[in-house]
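> I would like the atomic coordinates for the input below:
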Amino acid sequence: MQNDQNLTERADAYARNVSPYFNIEDKQEKYKVDKLFKRLRRKVGHAIGDYGMIEENDKILVCMSGGKDSYFLLDVLLSLKRSAPINFTIIPVHIDSGFPNAPEYMLEEHLKKVGLPYYMIKRPVYELCKKKVEEGKPYCSMCSRLRRGFLYSFAREIGANKLALGHHKDDCLATFFLNLFYSGTMKAMPPILRNDKDDLTVIRPLIYCRERDINSVSKIKEYPILPKGLCGWGEDQQRANMSKMIRSWDKQFPKRADIVFKAIKNVVPSHLLDKELFDFSKISNGPKVK
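Sure, this is the predicted structure:
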């Protein structure tokens, strides 16, 4: 963990200057980009408020994968913290999973610039995946479970009560369609959940943000993104296909993805077939189904 007496002041200074541009000279372009960042920040604020994600005195681990989403998540939470009516602590953490040739220093240099106390923790994720996953099978699912487990354990070690993940609206939609097409369940990503031991809360503050907007911010801010596929498997192919489908909709039917997301928020149990969600046995010839 990196620490000194001026960390808080440095982090506040960074937060004051959190903006999606560095040296854009064109005033019109600068205005356009700043407007995008503020729009995304509002969406994050709405998501946090809608689902009660952050409360007074929360100690939140911001899980830094080295991807664009986690960089943006850290920036937007720092920006919101400055004007928040409550006090909470933000702690960036990155798991060094032991993948060969991973340039972890890129992420650490960025965190030093932010000025917050941070953690870079080494865990044998790659070695465990090689041992536990059948030869020829992708590591994605096992890697995700192992990393989550290590994060839970580390959160308990330092007394954190919440973990913030960088999943966005497109991730939620991709998960929804994966479950729909391959598992026969209508299940997406919850914006907030309790772990199995009921001692930690996982939050997804970017759940209202589109990936394309985060991409725009990331390119302009030039986040030092760690390369994908260091494990040798690359992206999960089924999930990649869902993401490709959503992107194709954006071109052909610009509002479709957002409408599907709205549907996930507006479920009518009596008009589905799940007897666990609605007691159909109570329906008789008299009362109308609402």
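
> where does this protein have low pLDDT?
Counting by pLDDT under 70, the ranges of the chain that qualify are 1-26, 229-235, 284-290.

> can you give me the helices in it?
For the chain, the helices defined by DSSP state H cover 7-16, 27-51, 68-83, 104-114, 125-132, 140-158, 169-178, 211-221, 237-252, 256-265.

> kindly reformat these as JSON lines containing mean neighbour count and distance to residue 89.
For glycine as for every other residue, the C-beta is placed from the backbone atoms N, C-alpha and C. Converted to JSON lines, the helices of the chain look like this (neighbours: other Cβ atoms under 10 Å; distance: least, Cβ to Cβ, whole Å):
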{"stretch": "helix 7-16", "mean neighbour count": "14", "distance to residue 89": "10"}
{"stretch": "helix 27-51", "mean neighbour count": "15", "distance to residue 89": "15"}
{"stretch": "helix 68-83", "mean neighbour count": "21", "distance to residue 89": "9"}
{"stretch": "helix 104-114", "mean neighbour count": "16", "distance to residue 89": "14"}
{"stretch": "helix 125-132", "mean neighbour count": "16", "distance to residue 89": "26"}
{"stretch": "helix 140-158", "mean neighbour count": "16", "distance to residue 89": "10"}
{"stretch": "helix 169-178", "mean neighbour count": "21", "distance to residue 89": "25"}
{"stretch": "helix 211-221", "mean neighbour count": "18", "distance to residue 89": "24"}
{"stretch": "helix 237-252", "mean neighbour count": "14", "distance to residue 89": "32"}
{"stretch": "helix 256-265", "mean neighbour count": "14", "distance to residue 89": "30"}
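
> with distance to residue 278 added, can I get the ones you listed in CSV?
Listed next are those as CSV, based on distance: least, Cβ to Cβ, whole Å:
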stretch, distance to residue 278
helix 7-16, 46
helix 27-51, 23
helix 68-83, 35
helix 104-114, 47
helix 125-132, 40
helix 140-158, 32
helix 169-178, 20
helix 211-221, 33
helix 237-252, 28
helix 256-265, 17
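
> what's the closest of these to residue 193?
helix 27-51 (10.1 Å; Cβ to Cβ).

> same for that closest one, what does it pack against?
helix 68-83, helix 211-221 (3 or more Cβ pairs under 8 Å, 6 or more residues apart in numbering; DSSP states H and E).

> at 6 Å instead, please
Using 3 or more Cβ pairs under 6 Å, 6 or more residues apart in numbering; DSSP states H and E as the contact criterion, the elements in contact with helix 27-51 are helix 68-83.

> tell me the angle the helix it packs on makes with helix 211-221.
If you take axes from the mean of the first three to the mean of the last three Cα atoms, to 10 degrees, helix 68-83 sits at 80 degrees to helix 211-221.

> number of nearby residues for the nearest residue to residue 168 once chain neighbours are set aside?
Using Cβ to Cβ, 6 or more residues apart in numbering and skipping residues adjacent in sequence, the residue nearest residue 168 is residue 206, 4.3 Å away. The local packing of residue 206 (other Cβ atoms under 10 Å) involves 30 other residues.

> i'd like the first residue to be 39 from this point on
Done: numbering now begins at 39, and the last item shifts to residue 244.

> show the backbone phi and psi for residue 244.
phi -90, psi 10 (degrees, to the nearest 10).

> in contact with it, which residues?
111, 204, 206 (Cβ atoms under 6 Å, 6 or more residues apart in numbering).

> measure it to residue 297 for me?
Residue 244 sits 19 Å away from residue 297, going by Cβ to Cβ, to the nearest Å.

> could you do residue 233 as well?
32 Å.

> ok, now residue 230?
23 Å.

> do residue 69 as well
Distance of residue 69 to residue 297, given as Cβ to Cβ: 30 Å.

> sorry, back to before: can I get the contacts of residue 244 in TSV with distance to residue 212?
Formatted as TSV, the contacts of residue 244 follow (distance: Cβ to Cβ, whole Å):
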residue	distance to residue 212
111	18
204	14
206	10
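
> out of those residues, who's nearest residue 93?
For the contacts of residue 244, the nearest to residue 93 is residue 111 (18.0 Å; Cβ to Cβ).

> residues in contact with the residue lying closest to the closest one once chain neighbours are set aside?
In space, and not counting its chain neighbours, residue 111 is closest to residue 204: 4.4 Å by Cβ to Cβ, 6+ apart. Taking Cβ under 6 Å, 6+ apart, we find residue 204 in contact with 107, 108, 111, 244.

> and for residue 192?
Counting by Cβ under 6 Å, 6+ apart, residue 192 makes contact with nothing.
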